[in-house]
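Participant: all I have is the shape, not the residue letters:
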């Protein structure tokens, strides 16, 4: 149903992405991505040389590529996603200068009309930023964007309430092949030793349960989500005499994606990529406003 | 000479940051005269602590300067004392530039044992810079070889680490040959190579030096430090260095900064810690990351800098008209008000709007430029920063309370400067007040409350009043007074805003604020009713505390003058729960304040009535008859109490003092009728006693009933001279004294 070419976004799958919310970028221009690559590259080089003692010795070059990902859009009004990739060329020893991807991050906005509608034209709305790679590069790239486009980054945590929404929504999605189990991880608060409870459910059972809960297809209410989770909790209680409602939901994994409350997400199916991103965009926007 | 210089330098490092924002003359980066005083006040406790440090440092330096002959550490307690002083100060605050000459000289001249020399060298941490002259003279001591090779080695390592702190390097570069000579010492060779690597310029590359390096390499084998120097030589003069060098990606030199790195960081942090702005001014970079947990949540107000992106764009587009007038003026260079005036049309806002907070000149500019994007950029930045750094909303933030406090303080000062509240700050308050403990950053938060804008926002009750009331009732007397103070500020800011916009509205229709006058009046009324309610309750909770009453009446001093003072068609009387405690208060300050307030109510109500009657303009708003009725009830009670001694009969307020004679007789109080007049009132009795003492010296019976007739008038005059100005204007305006000789005939004036 989505018009994305799965090939072009395949590299986003099966990686852990750390989520950030980003306030609108001031005077960002999609036509100048090449310039931005060059400027960011110079900034990274300058950052690495900064320090108290003089840095000596040649470090491997870092290549910066800033490009556009036009496939990741919810509607025509959305800004095309922007991908930033840092890779290294260790050409010193090996002659076949193989590029190794060091870090990648992308800004995106899927159905972010709430925010973009009221913005003056100087501002670009890309409220969701996803990162895979070392924190030091996130810091450098983030600082450059902050300095250049006067925007603010904040870690985007996912509340247990939103995790339960994800659990319900993703349970209802159709998956063609034999899907992996749905897993919910709960953490028990106020213990001296951390205690996590993992609750795995066969995807077909979960789907069957959800189908009895959901009244109108294509529409989900908070009440339905609550009923769905309560059913799972009471089932668990019947067997283990543990009230999961007293614990904190920290992680949801399904065949569609897996999400952690710390704001980490892993996409697993390309056909549901934009759907998941739409939800995340909404969360990011609510954190900004 | 030396003394003065030494004592000045720490001030120099702080003076830039503590400028009063509203004082324009203080805003000059180099101008130290204006701000020095205020800086000193600001820093006074800091300075006192430093002063003793400075004294001991000066003593130590003069000791080291004068010390003669070889001195042993073990037997010399004076040396021990001074050495410890130097070490502790250096590690805490760093040494002033003047200290290096003395200490380097003594450390390299071999007067002391190596342990002393090592300790001295290790404590050579600059507070700001290392003067080149000190380094040059130290090199001459190094060449004199008076010290051991270990000390020499440590000195070279120190030099490498401090290389960037040396203020000039020209003379040092002239000593290139001397350093090169030290290559032959095997132990020092790696470090000397590093130093030469830092010093080398093209003109230093000479064939004989290349030969020497190649010889050394032949002797010692392939050493990375030699290769580094050779490859640098090759970069400068490829024609002279013909050997092939492996292209290495590994670092060439050993880390030489070991003993000093931690200390440099400490000193830097400490010297910058005073203000979040300073580090940016000095280094132009964000603070070291170790201080904070996350890269993107450093509470740093960004440095003021031109957007590099714009510069690039300009370069690309405007290459042709490089000399034209359109060139924008870089904000970094903006330092004086006259510059602002001169370049106001060529000024561009900094790349990060947050930086205007600490730059009054740009705030002036911001006031002139009405551009939505400016406010939007600031809105996002401030909103996100406040939420991310809020110490009670984000659990792990509580370690950073001081920083957050400073930030809130800066935001508040900016609001005062701009004379308007930020909407991001307003939203932050609404979000965070329900979670606030009323303690953390108390004065900052309460002051920010007073800048909540008067807007059409109608949710004040649930967002502001409810959470504030909860804290108010459960907190200390001091907190209650602070809240009242803050709400008074809020009321005044709203009234000022109203006056300003009333003026601009009559000028033009530009005022695009979608708040109508009636909405504004309703919001102000809601605030006043809220304060009336919490005041009534607080007076009961705190047993009519005089201090609290002062803050409440202070609030009403603004309320009673809204019509005449701010042109707002609204007057609200204080509730009985405030009026009567003030009227029967035990201290004259409250009573006097109440008299003044009632006098101003009268003036405002009379003016309103006149306006209404003359019907010069059709008034959109009329004071309700209820307000006049309430005023008249209060004034009857007041005059009955203070003047006609008929409070218990005349008071018609439902919550008033009216009591049956029968009941009053049961109290067995003699002459209850006069017990609250200006002579017998508990707040006034002290004056009456003093007056009696002066009028009838020697009489110790304190017969207050003597004050009547002509004496009554004298007594009034006496009270006026005692500073009871409120009482004076009240009596003069509200009491119609038919006969000057008889107070009993006097009546009260009603409006």
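Facilitator: That came in fine, so what should we check first? Just so we're clear, the structure is a prediction, and the values are computed from it rather than from any experiment.
Participant: tell me where the stretch 301-450 of chain B has helices.
Facilitator: B:308-317, B:337-343, B:360-368, B:372-389, B:401-418, B:423-432, B:442-449 (DSSP state H, counting those that start in this stretch).
Participant: which elements pack onto the shortest one?
Facilitator: Read it as helix B:337-343. The contact analysis (3 or more Cβ pairs under 8 Å, 6 or more residues apart in numbering or on different chains; DSSP states H and E) places helix B:337-343 against helix B:360-368. Glycine gets a C-beta too; all of them are placed from N, C-alpha and C.
Participant: what's the answer for the fourth one, then?
Facilitator: The elements that helix B:372-389 packs onto, with contact taken as 3+ Cβ pairs under 8 Å, 6+ apart, are strand A:153-155, helix A:273-288, helix B:401-418, helix B:423-432.
Participant: can you check which of those gets nearest to residue B:602?
Facilitator: Shortest distance between residue B:602 and the helices and strands packed on helix B:372-389, using Cβ to Cβ, is found for helix B:401-418: 33.3 Å.
Participant: what about the strands in the stretch 101-250 of chain A?
Facilitator: A:123-124, A:128-133, A:153-155, A:182-187, A:196-201, A:248-253 (DSSP state E, counting those that start in this stretch).
Participant: what's the fourth one packed up against?
Facilitator: Pointing back at strand A:182-187 there. Strand A:182-187 sits against helix A:160-171, strand A:196-201, strand A:248-253, with contacts defined as 3+ Cβ pairs under 8 Å, 6+ apart.
Participant: now with 6 Å, please.
Facilitator: strand A:196-201, strand A:248-253 (3 or more Cβ pairs under 6 Å, 6 or more residues apart in numbering or on different chains; DSSP states H and E).
Participant: now the ones you listed in JSON lines, with mean neighbour count?
Facilitator: As requested, the helices and strands packed on strand A:182-187 are arranged in JSON lines below (neighbours: other Cβ atoms under 10 Å in any protein chain shown):
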{"stretch": "strand A:196-201", "mean neighbour count": "14"}
{"stretch": "strand A:248-253", "mean neighbour count": "21"}
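Participant: on the pLDDT front, check residue 146 for me.
Facilitator: Just going to use chain A. Residue A:146 carries a pLDDT value of 92.
Participant: actually it's chain B I care about, not the one you picked
Facilitator: 81.
Participant: so it touches residue B:111, yeah?
Facilitator: No - counting by Cβ atoms under 6 Å, residue B:146 stays clear of residue B:111, with 8.6 Å between them.
Participant: who has more neighbours, the two?
Facilitator: residue B:111 (18 against 13; other Cβ atoms under 10 Å in any protein chain shown).
Participant: circling back to that earlier point, now the helices of the stretch 301-450 of chain B in CSV, with mean pLDDT and distance to residue B:209?
Facilitator: Listed next are the helices of the stretch 301-450 of chain B as CSV, based on pLDDT from 0 to 100; distance: least, Cβ to Cβ, whole Å:
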stretch, mean pLDDT, distance to residue B:209
helix B:308-317, 55, 40
helix B:337-343, 87, 49
helix B:360-368, 88, 52
helix B:372-389, 91, 54
helix B:401-418, 91, 51
helix B:423-432, 92, 61
helix B:442-449, 95, 62
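Participant: any idea which of those helices gets closest to residue A:254?
Facilitator: helix B:372-389 (30.6 Å).
Participant: list of residues touching that closest one?
Facilitator: Residues outside helix B:372-389 that contact it (Cβ atoms under 6 Å, 6 or more residues apart in numbering or on different chains): A:23, A:26, A:120, A:122, A:150, A:152, A:154, B:297, B:299, B:353-354, B:404, B:422, B:424, B:428.
Participant: just the buried ones among those residues, please.
Facilitator: Neighbour counting with 16 or more other Cβ atoms under 10 Å in any protein chain shown marks A:23, A:26, A:150, A:152, A:154, B:297, B:299, B:353-354, B:404, B:422, B:424, B:428 as buried within the contacts of helix B:372-389.
Participant: which of those scores worst on pLDDT?
Facilitator: Checking pLDDT across the buried ones among the contacts of helix B:372-389, the minimum falls on residue B:297 at 54.
Participant: helices along the stretch 101-250 of chain A, start to end?
Facilitator: Counting by DSSP H, counting those that start in this stretch, the stretch 101-250 of chain A has helices at residues A:113-116, A:135-149, A:160-171, A:203-213, A:222-240.
Participant: nearest to chain B, of those?
Facilitator: With Cβ to the nearest Cβ as the criterion, chain B lies closest to helix A:135-149 of these, at 3.5 Å.
Participant: what angle separates that closest one from helix B:372-389?
Facilitator: 150 degrees (axes from the mean of the first three to the mean of the last three Cα atoms, to 10 degrees).
Participant: all helices for the stretch 601-750 of chain B, in order.
Facilitator: Taking DSSP H, counting those that start in this stretch as the test, the helices found in the stretch 601-750 of chain B are B:625-642, B:647-650, B:661-666, B:685-695, B:710-721, B:725-734.
Participant: who in the stretch 101-250 of chain A is up against chain B?
Facilitator: Within the stretch 101-250 of chain A, the positions adjacent to chain B are A:120, A:122, A:139, A:142, A:147, A:148, A:150, A:152, A:153, A:154 by Cβ under 6 Å from any Cβ of the partner chain.
Participant: which residues sit in contact with the fifth one?
Facilitator: Taking Cβ under 6 Å, 6+ apart as the contact definition, residue A:147 lies against residue B:351.
Participant: go again using 8 Å as the cut-off
Facilitator: B:302, B:305, B:308, B:351, B:352 (Cβ atoms under 8 Å, 6 or more residues apart in numbering or on different chains).
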